[in-house]
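> here you go, sequence then predicted model.
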Amino acid sequence: MRISSPRSGAVLALAVLGTTLGTASPALAAPARADLTADVTVDRSRIPVAGELVETRVSVANAGVATADGFTVTVTLPASAYIGGEGPVADSWQCTAVSPALVCNHPALAAGQSAAPLEFGIQFREGTDGQSGAITASVSSTSREASTRNNSATQTVTYDASVTYPNLRITDVGYIPGSEVIEGDWVKQPLHVTNLGTAAAEDVRVHVVAPTGIFGGVGDQSDPSWQCTTVVAGQEWECVNGPLAPGAQTPVLSFSGSVPAGGQPGDRIPVTYTVSTSTPDEDPRGNVFEGGFLYGTPAYVSGRVWLDADADGQRDADEGAAPTGELSLALQPLGSFQRNVTVNADGTFRAAVHDGDYQLLAGLYSTTHRFTSANAGDDATDSDVTVTYDSPDFQESQSEPFFLAQGDEVVLDIGLVAVG
């Protein structure tokens with residue numbers, strides 16, 4: 001008779017249990033899933049009771065091990081706020097304002113990747129001291145996630161009567177003669193500074209940076225209360241005014257000069273204005289204004305002043321430049337001021353002008369020269385100005401009126417004859 005050992009049975013049972021509790025089969029492993037996380041931050045959590053623009057940033061990341069096939073972020077706003085400015089601008093996002101929320105869609109996001117952050121301003125209306133508003137960002141996906149507990153985040157903004165500061169902005173900027181200019185234009189850019197904040201600014205400082213040569217006089221046509229000093233000759237200046245109460249505006253600050261040659265149509269002539277104050281707690285956002293002008297497409301008036309040696313009214317091949325020291329040229333736009341034209345030593349001239357109606361005016365202060373006969377044959381080689389006034393020591397002449405469109409060029413020649 002064999003007697004079984006109780007221990008051998010126990011060993012067998014443990015062996016069976018060990019097989020049952022061994023390494024799980026791949027079919028029972030946890031599935032790979034996405035795991036989206038949302039975060040929201042604001043640049044200030046306490047704002048004045050008058051209201052404020054709060055810069056907001058929403059970030060979304062995929063902390064999972066699988067791709068999120070696409071997702072939507074919903075930003076819920078307080079009743080006292082709305083999306084300010086143009087709203088969020090970020091790669092890959094498509095956003096729609098659906099009051100009282102902002103809804104933004106994003107395509108697939110790979111595991112371990114972060115979406116470009118959504119950055120935008122939320123404008124809070126006027127409120128009461130202690131009133132709070134919550135900004136909540138929630139993300140949802142078409143993919144199954146490992147967890148949804150981290151799919152939303154909230155920031156609270158509170159109105160606080162003790163929060164006051166100046167908020168300076170460049171306002172009422174002028175563009176004279178317009179935003180598009182051409183070489184030789186006299187330009188002027190007047191502006192004001194407004195305090196949109198809730199506290200007085202101890203002073204107002206405007207720092208101006210411009211291309212060399214455009215502003216010959218900075219502040220020279222401003223209100224006398226502005227004090228301007230040169231930082232870099234011909235390029236950079238600092239102007240001071242103030243103090244400035246909440247809601248108040250400075251007197252005009254004006255910059256003027258002449259547009260230099262060399263620009264191509266569409267080129268910017270950048271002028272940067274930076275406003276600041278020495279008062280503590282200043283809100284510096286929006287204190288830089290990019291002003292200036294654009295080069296437009298000019299028209300041209302060109303020609304030649306020549307000495308008509310045989311007085312036949314035609315410019316012959318051997319007839320060169322006339323002495324021009326006694327001659328003045330000007331372009332007369334219809335209904336505007338004359339513009340002087342420079343004649344080169346070889347008798348040629350070329351002036352850039354805006355489109356419009358013009359006449360070329362010529363004045364000759366001389367007792368030894370006179371204007372030759374006008375329109376005496378071939379238009380390409382005759383004189384194009386007719387005498388309108390004649391005295392022993394002065395003659396005045398002018399061309400026929402003509403119209404110039406942008407990009408056009410008209411050629412007008414002037415012949416002089418020697419007398420006496």
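Sure, I can see it. Owing to the predicted nature of the structure, the values given are computational and were not obtained by experimental measurement.

> show me the contacts for the nearest residue to Q406 once chain neighbours are set aside.
Using Cβ to Cβ, 6 or more residues apart in numbering and skipping the chain neighbours, the partner closest in space to Q406 is T297 (4.3 Å). Just so you know, the C-beta spots here come from the backbone N, C-alpha and C atoms, and that holds for glycine as well. Residues near T297 by Cβ atoms under 8 Å, 6 or more residues apart in numbering: 182, 265, 406-407.

> identify, from those residues, the entry nearest to Q398.
The nearest member of the contacts of T297 to Q398, counting by Cβ to Cβ, is I182 at 23.0 Å.

> could you report the neighbour count for that closest one?
23 (other Cβ atoms under 10 Å).

> next: T250.
24.

> where does the stretch 101-250 of the chain have low pLDDT?
Residue ranges of the stretch 101-250 of the chain with pLDDT under 70: 217-220.

> which residues in it form strands?
Assigned by DSSP state E, counting those that start in this stretch, the stretch 101-250 of the chain shows strands spanning 101-109, 118-124, 132-141, 152-159, 168-171, 180-181, 186-195, 204-209, 217-218, 227-232, 236-241.

> what is the burial count for A146?
If you count neighbours by other Cβ under 10 Å, A146 ends up with 17.

> can you give me the distance of it to L109?
Going from A146 to L109 by Cβ to Cβ, to the nearest Å gives 14 Å.

> and if you look at Y389?
Taking Cβ to Cβ, one finds Y389 at 80 Å from L109.

> and those two? Which one has more around it.
L109 (23 against 10).

> which residue packs closest to the residue nearest the centre of the chain, ignoring adjacent ones?
Closest to where the C-alpha atoms of the chain average out (Cα atoms, centre = their mean) is E290, at 5.0 Å. Leaving aside its sequence neighbours, E290 sits nearest to T272 (Cβ to Cβ, 6+ apart; 6.0 Å).

> my guess is the one you found contacts Q189. True?
No: look at T272 against Q189 with Cβ atoms under 8 Å: they stay out of range, at 11.7 Å.

> how far away is V419 from S132?
Distance of V419 to S132, computed by Cβ to Cβ: 92 Å.

> could you check which of the two is surrounded by more residues?
Remark: of V419 and S132, S132 carries more neighbours, 13 against 10, as counted by other Cβ under 10 Å.

> so for H369, which of the strands of the stretch 101-250 of the chain sits nearest?
Per Cβ to Cβ, nearest to H369 of those: strand 186-195, 31.5 Å.

> buried stuff in the closest one?
Within strand 186-195, the residues that qualify as buried are 187-195, counting by 16 or more other Cβ atoms under 10 Å.

> now render those residues as TSV, adding distance to T56.
Output for these, formatted as TSV (distance: Cβ to Cβ, whole Å):
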residue	distance to T56
V187	39
K188	39
Q189	33
P190	35
L191	30
H192	30
V193	27
T194	25
N195	25
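
> so which helix or strand takes in S328?
Assigned by DSSP states H and E, S328 falls within strand 327-333.

> list the buried ones in that strand?
327, 329-332.

> for that strand, what is the average pLDDT?
Rounded to a whole number, the mean pLDDT of strand 327-333 is 94.

> ok, stretch 268-281 next?
Mean per-residue pLDDT for stretch 268-281: 91.

> please save the CA atoms from that stretch in CSV.
C-alpha atoms of stretch 268-281 as CSV (Å, rounded to 0.1, in the frame of the first residue of the first chain):
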residue,chain,number,x,y,z
ARG,A,268,7.4,100.7,-45.7
ILE,A,269,8.9,103.8,-44.2
PRO,A,270,8.6,102.6,-40.6
VAL,A,271,8.3,105.0,-37.7
THR,A,272,8.0,103.4,-34.2
TYR,A,273,6.4,105.3,-31.3
THR,A,274,6.8,103.9,-27.8
VAL,A,275,4.9,105.5,-25.0
SER,A,276,5.7,105.1,-21.3
THR,A,277,5.4,106.7,-17.9
SER,A,278,7.5,106.6,-14.7
THR,A,279,4.4,106.0,-12.6
PRO,A,280,4.6,102.6,-10.9
ASP,A,281,2.1,99.9,-11.9
